[in-house]
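> pasting the sequence and the predicted coordinates here, then a few questions.
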Amino acid sequence: MRQELQPSEDNGDMVGYTFHFQITNRGGRQACCVKVQAPNIHDATQFFRQNWPMIESMARDGLTKSDRNVIKLAVP
């Protein structure tokens, strides 16, 4: 898993952290990423790990769609 720090335009207290990961798909690997808004890297990492089952499920569901170049995940 790789992490990137990106400044957020929405809120000065929150920063966008992008987590890159791979999942298997029909014998191959598919690169994915998810962006988490959090005040720091520790909170973003904790959110990513706690919500991994949901993130993975949403990513796999996105792979079944015809336009799978970009999968946008929205977590309530």
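Arrived safely.
> contacts, neighbours, all on C-alpha from now
Noted.
> so where's this protein shaky on pLDDT?
1-12, 66-76 (pLDDT under 70).
> all helices for it, in order.
Along the chain, the segments classed as helices by DSSP state H run 41-50, 52-63.
> out of those helices, which comes closest to Q30?
Closest approach to Q30 among those (C-alpha to C-alpha): helix 52-63, 8.5 Å.
> if we can go back for a sec, now render the helices of the chain as TSV, adding distance to C32 and mean neighbour count.
Formatted as TSV, the helices of the chain follow (distance: least, C-alpha to C-alpha, whole Å; neighbours: other C-alpha atoms under 10 Å):
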stretch	distance to C32	mean neighbour count
helix 41-50	13	14
helix 52-63	8	15
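> residue contacts, N40?
Shown in contact with N40 (C-alpha atoms under 8 Å, 6 or more residues apart in numbering): M14, V15.
> what does A31 give?
Taking C-alpha under 8 Å, 6+ apart, one finds H20, F21, Q22, I23 in contact with A31.
> how near is M58 to D43?
21 Å (C-alpha to C-alpha, to the nearest Å).
> ditto for R60
Taking C-alpha to C-alpha, one finds R60 at 24 Å from D43.
> ok, now I55?
Distance from I55 to D43, by C-alpha to C-alpha: 16 Å.
> what of V15?
11 Å.
> do D61 as well
Counting by C-alpha to C-alpha, the gap between D61 and D43 amounts to 26 Å.
> again with R49
Distance from R49 to D43, by C-alpha to C-alpha: 10 Å.
> likewise P53?
Distance of P53 to D43, given as C-alpha to C-alpha: 17 Å.
> who does G16 bridge with?
When bridges are called by DSSP bridges, G16 pairs up with Q6, Q37.
> what's the local residue count around it?
22 (other C-alpha atoms under 10 Å).
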